[in-house]
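>>> Sequence first, then the predicted structure, then my questions.
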Amino acid sequence: MSEQRHGNVSEKSAEDLVATADTGARSPTGFQARLLYAVALCWSLFQLWYASPLPFMLGFLIFNDTHARAIHLSFALFLAFTAFPGIVASGRRFPIFGVIFALGGLGAAYAAVQQGLAGNTNGLLIFGLSAATAFVVAWSASRPTPLDRIPKLDWVMAFAGAVSAGYLFVFYEALAMRPGAPTLADLMIAGMGMVLLLEATRRALGPALTIIASIFLFYTFAGPYMPDLIAHRGASFSRVMSQQWLTAEGVFGIALGVSTSFVFLFVLFGSMLDRAGAGNYFIQVAFALLGHLRGGPAKAAVVASGLTGLISGSSIANTVTTGTFTIPLMKRVGFSSEKAGAVEVASSVNGQIMPPVMGAAAFLMVEYVGIPYVDVIKHAFLPAIISYIALLYIVHLEALKANMQGMERPNPKPLYQSLINFGITVSSIIILAGLVYYGIGWTRDVFGEAATWFVGLGVLVAYVGLVWYAAQVPELKLDDPNAPVLHLPEVAPTVKSGLYYILPVVILIWCLIVERLSPGLSAFYAVVFMIFIMLTQRPLLTLFRKHDSNLGSALVQGFRDLIDGLVTGARNMVGIGVATAAAGIIVGVVAQTGVGQVLTQVIEQVSGGNLIIILVLTALLSLVLGLGLPTTANYIIVASLMAPVIAELGSQQGLVVPLIAVHLFVFYFGIMADVTPPVGLASFAAAAVSRGDPLQTGVQAFYYSMRTVALPFIFIFNYQLLLIGIEGPFQLAIIVISALLAMLVFAAATQGYFYTRSRIYESIALLLVAFTLFRPGFWMDMIEPDYVARPASEIYEIVKEVPNNGFLRLRVAGYDPASFDDIEKTVMLNVGPKAAAQERLMHAGLMVAPMGDAVSITQVIERGDAGRYGIGMGWDINQVLVPNPERPPKELMFIPALLLLGLVYLLQKRRAGATSGSPRRAKA
């Protein structure tokens, strides 16, 4: 087929984009291919060993955190230089990055000459090696390289990068004995490693993160020459390299640790599920359930992408995996190329906000916010669900505008029968979930420590039973979306054909939520079960279906699928590995220079202390960085710089902003990295499939994603959307229903269509309704304040009355050494389960001593919330804030909002009836 081009994207380029962004565009042959395959496989096997309990059980090959991070980065750097070419191009182009690295080499060479003239042999060697490395990288970065083989220079850089990262593993004990006093060899390795890391980042992720990290590094050295506002005393080469490469405060910091401990296994889990056939299963189930509705293929694309998002952290791969099938079908029922691609992009990118995986950022939140991973899942769940439901509603509105019809469904059933079947299915799932939950709890009471083996046997029996169940229906196959006639798959056989794929997800969620295991160990057990599935599903299906094919060949094919899944998972991790390492440079610079405190002062001056302006500036920063950064790197940078600023300035204004709300705010805008034109890779991938214009696809996808943009602003001011501060099931139901209705109304307002096409004043009214449903307290605060102040001396009595795992609001004041000023702010601290007052305060991180009407803080405990909010020892608690007993329920504001919504509905219904006699036939 001849290659056709649309804008800058060819119809064959979707898979190339995925390879370039996720696994590397280079595909060598022969020995080189086998070596890359073996290295990726070894990386996956190492990560499985590191995450498993076997090293501690056997007392063999036990790696500490630094060891594991060094090995992790060694693999990532090696694969970055071998799998990702320096420049993918058919001819030469202006070697801008060659010039940049060459300038760096000239700077290092000049420093080497100065060191030599001064008689400093060590300095000469250090800067000489740095200059040589920079010049080698400059040569590599300035010229196109082949995709079918790995040049010798790339092999040299690959091994040099692996050695530089592995240096911390080999000389760990020696480095621990001389902290802050690096030797000549230490500095030479660190200098070489930093240059190679920046080049690996450029190859795997593009130029943006490399440029930003280089600017931060330059700022570290050039502090004395900066403007007074951001000036600092600067740092020597030795000090910077010690911070960045030889300790856990820079490159090998928290971000790389999260990539090593958690993210790799979750990415591997998703890769293996997809390789086993779960991706195809989720797509087909979505089509079977929704394809017959108006705009059915688009709705199926949303659901399929959401299900795929459960197991995938890559929005680009999600776009191509589901979009190859869904986009042509959307076009068939009436969507334009750009709108079909935009629906797929909006739904695929939203997969990153869908628990339990959420890309790498969810695991970073665990470290940055200091809460369990289960809590991150809980807080992120409701916004993700209502965002996906709103996207379904947007698709429905688009279908109504264009008067689209659903696709033909085989053996259609009456509506009442479909509703009965749906009710039976949902009820069965709820009953089954209850039996499993309470049944396993019962087994523990009966079998004690042997309950784990009993439960494992039960899971094994369930797996064999579900595979047998799947064998009773024909094998699931992908339909051809370009065929002239398409019949939707039947619901029952499609659902039956892969129910056993749900078991690994159940095991993952069970280990996380019920067993309360660490994310890494939970993912390990889920991956182990996936290994078992991949090895056994083909032989079992062959046996149960009584095929003539050989069981041995089925087992061999399963083994090949397993190895391919392990290799693909490792190659998918290259970008994340180098991104977290390079982002660690920014984190290290912030810690070393104190630029974070300077940024707080600058933003406070620019915004005038207005929290809304600060939030807008943060959102804009995330969107600008998203033009060239992947989600993970974007989140790390903005969270490091802006999250503390938002939390601090909000608390000083009396608005308590939970840290998790701030970090989710940053994360939500970070996911726009793959949507935002002009370089949103997910939009380019979708345009390659739809054959539409990539820029128009990106703009339309961002328009569809407005609901995702609005949500963070809402839950900053109404953190109950994150299921924080919910008291009882009734309040939970109100929050869920009102939030869902608000999001649907917001979608209708932004799409300009409710019952029929909206007029401007109707869209404004709908926005007002949505705002009121989202944040009813805004209006009620004008009548009665939400909280009233009580004397600090009553803190013991008040903390006793706080609900189980509830929050205590305090107005505190004290001297802040970072800003050299006395400050006063409001904080909200989790006081844990019911206990004595002193115990609950200690859970919050405080030890206090009454001083008359005031209460003095005598100690701040690091593990509690108090330390994270910047409370210091010696501060005073001035007031305790308690709910206002005279305040009417804020939910009363729902009444006028719903009346206004009803008025808009009646106006549109009358107008639609007058123009066409039927709202279904309103002009598009």
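Nice, thanks for sending it over. Residues are numbered from 1 along each chain as shown.
>>> Report how many residues lie close to D781.
Counted by other C-beta atoms under 10 Å, the residues lying close to D781 total 13. No exception for glycine: its C-beta is placed from N, CA and C like everyone else's.
>>> Mind pulling up the pLDDT for it?
Looking at D781, its pLDDT is 83.
>>> Backbone dihedrals for it, please?
phi -60, psi -30 (degrees, to the nearest 10).
>>> Alpha carbons of stretch 639-657, as CSV, please.
Extracted as CSV, the C-alpha positions of stretch 639-657 are listed here (Å, rounded to 0.1, in the frame of the first residue of the first chain):
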residue,chain,number,x,y,z
ALA,A,639,5.0,19.0,42.1
SER,A,640,8.5,19.8,43.4
LEU,A,641,8.2,23.5,42.6
MET,A,642,4.6,24.4,42.9
ALA,A,643,2.8,21.9,45.2
PRO,A,644,4.4,23.2,48.4
VAL,A,645,3.7,26.8,47.3
ILE,A,646,-0.1,26.1,46.8
ALA,A,647,-0.4,24.2,50.1
GLU,A,648,1.5,26.9,52.1
LEU,A,649,-0.1,30.0,50.6
GLY,A,650,-3.6,28.4,50.9
SER,A,651,-3.1,27.6,54.5
GLN,A,652,-1.8,31.1,55.2
GLN,A,653,-5.1,32.4,53.7
GLY,A,654,-7.1,30.2,56.0
LEU,A,655,-8.0,27.7,53.2
VAL,A,656,-7.0,24.2,54.1
VAL,A,657,-5.8,22.4,51.0
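>>> List the buried residues in it.
Under the neighbour-count criterion of 16 or more other C-beta atoms under 10 Å, stretch 639-657 has 639-652, 656-657 buried.
>>> can you list the residues that contact that stretch?
With contacts defined as C-beta atoms under 8 Å, 6 or more residues apart in numbering, stretch 639-657 is touched by 364, 368, 586-587, 590, 596, 599-600, 603-604, 607, 609, 611, 614-615, 617-618, 621, 659, 662-663, 665-667, 716-717, 719, 809, 811, 823-828, 869-870.
>>> Please compute how far that stretch lies from its chain's middle.
Relative to its parent chain, stretch 639-657 has a centroid offset of 21 Å by C-alpha atoms, centre = their mean, to the nearest Å.
>>> and what of stretch 730-742?
25 Å.
>>> pLDDT (mean, whole number) over that stretch?
The model assigns stretch 730-742 a mean pLDDT of 87.
>>> What is the lowest-pLDDT residue among the buried residues of stretch 639-657?
Scoring the buried residues of stretch 639-657 by pLDDT puts Q652 last, at 71.
>>> D822 versus that one, what's the distance?
11 Å (C-beta to C-beta, to the nearest Å).
>>> By mean pLDDT, flag the weakest helix or strand of the protein.
The weakest-scoring helix or strand in the chain, judged by mean pLDDT, DSSP states H and E, is strand 5-6 (a mean of 40).
>>> and this structure, what are its domains?
Listed by automatic domain parsing, the domain ranges of the chain are 11-247, 726-786+898-924, 787-883.
>>> could you dump these to a markdown table with distance to L268?
Output for these, formatted as a markdown table (distance: least, C-beta to C-beta, whole Å):
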| stretch | distance to L268 |
| --- | --- |
| domain 11-247 | 6 |
| domain 726-786+898-924 | 33 |
| domain 787-883 | 31 |
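>>> between those, which gets nearest to R691?
Of all the domains of the chain, it is domain 11-247 that lies closest to R691, at 5.6 Å by C-beta to C-beta.
>>> taking the mean pLDDT, what do you get for that closest one?
79.
>>> Just give me how far it sits from the chain centre.
From the chain centre to the centre of domain 11-247 is a distance of 24 Å (C-alpha atoms, centre = their mean).
>>> ok, now stretch 291-302?
So, by C-alpha atoms, centre = their mean, the centroid of stretch 291-302 is 26 Å from its chain's centroid.
>>> what's the span of it, first residue to last?
Stretch 291-302 has an end-to-end distance of 11 Å (C-alpha to C-alpha, to the nearest Å).
>>> if we look at it, which residues are touching it?
Contacts of stretch 291-302 (C-beta under 8 Å, 6+ apart): 283, 286-287, 289-290, 322-323, 326-327, 329-330, 332-335, 340, 343-344, 347, 388, 391-392, 395-396, 398-400, 404-409, 412, 488.
>>> Now restrict these to buried residues only.
For those, buried by 16+ other C-beta under 10 Å: 283, 286-287, 289-290, 322-323, 326-327, 329-330, 333-335, 340, 343-344, 347, 388, 391-392, 395-396, 398-400, 404, 406-407, 409, 488.
>>> Tell me which of the residues you listed fall in helices.
283, 286-287, 289-290, 322-323, 326-327, 329-330, 340, 343-344, 347, 388, 391-392, 395-396, 398-400 (DSSP state H).
>>> Report how many residues lie close to the nearest residue to L73 once chain neighbours are set aside.
Distance criterion C-beta to C-beta, 6 or more residues apart in numbering; nearest residue to L73, sequence neighbours excluded, is A165 at 4.0 Å. Residue crowding around A165 was assessed by other C-beta under 10 Å; the count is 30.
>>> same question, G351
Neighbourhood size, G351 [other C-beta under 10 Å]: 29.
>>> so where's the stretch 701-850 of the chain uncertain?
By pLDDT under 70, the weakly predicted segments of the stretch 701-850 of the chain are 818-820.
>>> Then the stretch 301-450 of the chain?
Applying pLDDT under 70 to the stretch 301-450 of the chain flags the ranges 306, 308-318, 320-321, 356-361, 405-449.
>>> Mind giving me the packing neighbours of whichever strand or helix holds I734?
Here I734, judged by DSSP states H and E, is contained in helix 729-751. Here helix 729-751 touches helix 373-401, helix 706-717, helix 760-774, going by 3 or more C-beta pairs under 8 Å, 6 or more residues apart in numbering; DSSP states H and E.
>>> want to try a markdown table for those, with distance to G832 as columns?
Below are the helices and strands packed on helix 729-751 laid out as a markdown table (distance: least, C-beta to C-beta, whole Å):
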| stretch | distance to G832 |
| --- | --- |
| helix 373-401 | 13 |
| helix 706-717 | 23 |
| helix 760-774 | 29 |
